[in-house]
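Visitor: Below is the sequence, then the predicted model.
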Amino acid sequence: MLKTKNLAGRVVAVTGAGGGIGRELALLCARRRADLALCDINDAAVAETADAARTVGAQVLSTRVDVSDAEAMTRFAGATFARFGRVDLLVNNAGVGLVGGFLDTSRKDWEWLIGINLMGVVHGCDAFLPGMIGPGRGGHVVNLSSAAGVLANPQLTAYSATKFAVFGLSEALRMELKPHGIGVTAVCPGIINTAITQTSPIRGSGDIDQRRTRLASTYAKRGYTAERVAHNILRAVDRNRAVAPIAAEAHAMYGLSRAVPPLARWAAARLAELAK
């Protein structure tokens with residue numbers, strides 16, 4: 001079991017570390033004395049995160065990586081083990097969003113979402129796990145699922161599908177890796193105020209700008225920050241939790257989906273109205 005209050009001597013690898021939850025988690029780990037391997041598709045953004053981590057004393061490897069590219073992820077893992085000799089915590093955080101029902105989502109949209117949200121996690125695990133298992137030191141894997149990965153949202157159809165897949169992968173992987181002393185946590189953040197509301201494509205009818213403004217306003221009013229998410233993720237790792245709902249609505253959606261599925265579906269339909 002990986003203890004996270006003091007990460008001195010530990011190495012943490014984070015994908016999508018250029019902003020949002022990935023950036024805040026990387027910086028929190030740095031403040032707790034971890035060394036870092038960071039990647040993001042935005043090389044300037046990940047470089048800023050790396051510089052900020054170095055100011056608190058962390059040793060940092062940072063590079064531009066598209067997580068949908070298996071070979072690029074393999075190179076990133078190779079460079080990480082060459083630099084630090086170990087990885088104790090792997091955080092498959094990189095992800096993208098898309099608002100729209102099935103009938104409004106193109107095949108190209110599906111390929112993009114699956115390539116990053118699902119295969120990015122697969123590529124991260126495939127690239128890093130052999131090097132984590134080999135020495136027998138144990139460790140932990142964090143995969144970013146979503147509240148939409150435990151309770152489907154009809155205005156996030158493709159996104160929900162990819163996040164359900166990440167949730168299922170994490171559940172199976174947790175059982176498989178237990179004999180190696182490696183824990184796995186599926187994180188379901190909920191409504192978190194990050195830039196994803198500004199960067200996610202919106203499909204379907206209606207005024208796209210108005211829909212985006214309404215969506216961004218809802219997330220901003222909710223006011224749950226990426227920094228708070230980072231603290232809760234490390235707490236979940238510390239306690240070796242299989243599933244980590246973060247914000248209150250994520251806890252509610254996870255609980256309802258398990259206990260009262262019909263009520264959960266009704267709640268999901270109401271939430272979907274926010275994205276229309």
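Guide: Noted; the coordinates are in hand.
Visitor: ok, then the element right after the lowest-mean-pLDDT helix or strand in the chain?
Guide: Every helix and strand in the chain was compared by mean pLDDT, DSSP states H and E; the lowest is helix 208-222, with a mean of 64. With elements assigned by DSSP states H and E, the helix or strand that comes after helix 208-222 is helix 226-238.
Visitor: Tell me which stretches of this protein form strands.
Guide: Assigned by DSSP state E, the chain shows strands spanning 11-15, 35-40, 60-64, 89-92, 139-144, 182-188, 243-245.
Visitor: The third one packs against which elements?
Guide: Using 3 or more Cβ pairs under 8 Å, 6 or more residues apart in numbering; DSSP states H and E as the contact criterion, the secondary-structure elements in contact with strand 60-64 are strand 35-40, helix 43-54, helix 70-84. No exception for glycine: its C-beta is placed from N, CA and C like everyone else's.
Visitor: how about low-confidence regions in the stretch 151-276 of the chain?
Guide: Residues of the stretch 151-276 of the chain meeting the criterion pLDDT under 70: 193-197, 207, 211-223, 264, 271-276.
Visitor: Could you rerun that using 90?
Guide: For the stretch 151-276 of the chain, residues meeting the criterion pLDDT under 90 lie at 151-155, 190-224, 247-276.
Visitor: And the contacts of stretch 107-115?
Guide: Ser68, Val96, Leu98, Gly100, Ala158, Tyr159, Ala161, Thr162, Pro201, Arg203 (Cβ atoms under 8 Å, 6 or more residues apart in numbering).
Visitor: how about that stretch: buried residues?
Guide: Asp109, Trp110, Trp112, Leu113, Ile114, Gly115 (16 or more other Cβ atoms under 10 Å).
Visitor: starting at the chain centroid, how far to that stretch?
Guide: Stretch 107-115 sits 17 Å away from the centroid of its parent chain (Cα atoms, centre = their mean, to the nearest Å).
Visitor: avg pLDDT for it?
Guide: Per-region confidence: stretch 107-115 scores 98 on mean pLDDT.
Visitor: Would you mind writing the CA trace of that stretch as CSV?
Guide: Provided in CSV are the C-alpha atoms of stretch 107-115 (Å, rounded to 0.1, in the frame of the first residue of the first chain):
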residue,chain,number,x,y,z
ARG,A,107,-17.6,8.3,-36.0
LYS,A,108,-14.6,10.6,-36.0
ASP,A,109,-15.7,11.9,-32.6
TRP,A,110,-15.9,8.4,-31.3
GLU,A,111,-12.4,7.5,-32.5
TRP,A,112,-11.0,10.7,-30.9
LEU,A,113,-12.7,10.0,-27.5
ILE,A,114,-11.8,6.4,-27.4
GLY,A,115,-8.2,7.0,-28.5
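Visitor: hang on, the earlier thing: so which of the helices and strands packed on strand 60-64 comes closest to Cys188?
Guide: strand 35-40 (21.9 Å; Cβ to Cβ).
Visitor: what's that closest one packed up against?
Guide: Counting by 3+ Cβ pairs under 8 Å, 6+ apart, strand 35-40 packs on strand 11-15, helix 20-31, helix 43-54, strand 60-64, helix 70-84.
Visitor: Which one of the ones you listed lies nearest to Arg270?
Guide: helix 20-31 (25.4 Å).
Visitor: Thr15 reaches Ala94, doesn't it?
Guide: Yes. In this structure, Thr15 is within contact of Ala94 by Cβ atoms under 8 Å, at 4.0 Å.
Visitor: from the contacts of stretch 107-115, which is closest to His123?
Guide: Here the nearest of the contacts of stretch 107-115 to His123, counting by Cβ to Cβ, is Ser68; it sits at 7.3 Å.
Visitor: From Arg75, how far out is that closest one?
Guide: Distance of Ser68 to Arg75, given as Cβ to Cβ, to the nearest Å: 14 Å.
Visitor: Between the two, which has more neighbouring residues?
Guide: Ser68 (22 against 14; other Cβ atoms under 10 Å).
Visitor: Quick check: phi and psi on that one?
Guide: Main-chain dihedrals, Ser68, degrees, to the nearest 10: phi -70, psi -10.
Visitor: re earlier: and the helices and strands packed on strand 60-64 as a markdown table, adding mean pLDDT?
Guide: Converted to a markdown table, the helices and strands packed on strand 60-64 look like this (pLDDT from 0 to 100):
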| stretch | mean pLDDT |
| --- | --- |
| strand 35-40 | 98 |
| helix 43-54 | 98 |
| helix 70-84 | 98 |
